[in-house]
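Asker: just the structure for this:
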Amino acid sequence: MFAQPSGQQQTLYRSAFVRNCMVLIVRSHSSLNRDSLDTAEEPHITGELVMGARNLLESANAEPWMDHIEVLDDPPQEIAGRYGKARPRIDIEFVQTMHGRRPRFHVEAKRLYRSDSINEYFGAGGMQMFVGGQYASEWPSAGMVSYVQSEDCSMWLQRMASGFSTRREQLDICKDHANWGAAGWTGDGLDSVQISCHARTASGNGPVEVFHLLLDFAAKDRS
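Answerer: All right, here's what the predicted structure looks like:
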């Protein structure tokens, strides 16, 4: 009979799983012809990212940890009272393949390409889906990925930080957390990832940490 992992061990396992999922996104992004996607719609870019991630997972050179991850494109989510095509669909879902209940990491993607993109990022179809418990209701962490199609990531990161600080009540920020800050990851292209905490008071699902990653798709000379 196997002993169940402790709470601390489960937290460490979850953290490693989430980081590996973000690494897959970053590596897939680096393999794409990004200039050709500078005006592409979100589903198009997401599909390319998922395809790239699958190629990495199924490569002959895949790293050992990749054997335990599956990635899904636009899968429906099970919500009480929503059936068939009425079910909401998360943009990307990572599944940790293992015996028993399989952990999942949900990622919502948004384009940053015009002045009101910040509203969409934080709005009802963006982060509000995590805050309200429609997405990742059973899990303690989730991800938001931005497809930057104008200006640069540093400029959008500043706008996002400013927009975040003015929406504390709307985003149900955990009372013991600052607006947001660096996730503390280094290497693998994850140095700029930010983290925020949301209480999910209305849904009663407990707090969720959201990891924020910006990916550059703005057209420019990359030579």
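
Asker: contacts only, for the spatially closest residue to Ala62 that is not a sequence neighbour.
Answerer: By the measure of CB to CB, 6 or more residues apart in numbering, the closest residue to Ala62 outside its immediate chain neighbours is Leu56, 6.6 Å from it. Heads up, the C-betas are built off the backbone N, CA and C, glycines and all. The contact partners of Leu56, taken as CB atoms under 8 Å, 6 or more residues apart in numbering, are 24, 27-28, 62, 66.

Asker: so Ser192 makes contact with Gln158?
Answerer: No - if you go by CB atoms under 8 Å, Ser192 and Gln158 don't touch, sitting 12.0 Å apart.

Asker: okay, those two: which has more neighbours?
Answerer: Set Ser192 next to Gln158 and count neighbours by other CB atoms under 10 Å: Ser192 wins out with 14 against 10.

Asker: buried sites along the helix ranked longest in the chain?
Answerer: Using DSSP state H to define each element, the chain has its longest helix at helix 7-31. By neighbour count with 16 or more other CB atoms under 10 Å, helix 7-31 contains the buried residues 14, 17-29.

Asker: least confident of the residues you listed?
Answerer: Taken together, the buried residues of helix 7-31 show their lowest pLDDT at Arg14, with 94.

Asker: ok, that one - contacts?
Answerer: 103, 140-141.

Asker: which one (most neighbours) among these?
Answerer: For the contacts of Arg14, the largest number of neighbours (other CB under 10 Å) sits with Ser141, at 21 neighbours.

Asker: let me know the pLDDT of that one.
Answerer: Here the pLDDT value assigned to Ser141 is 97.
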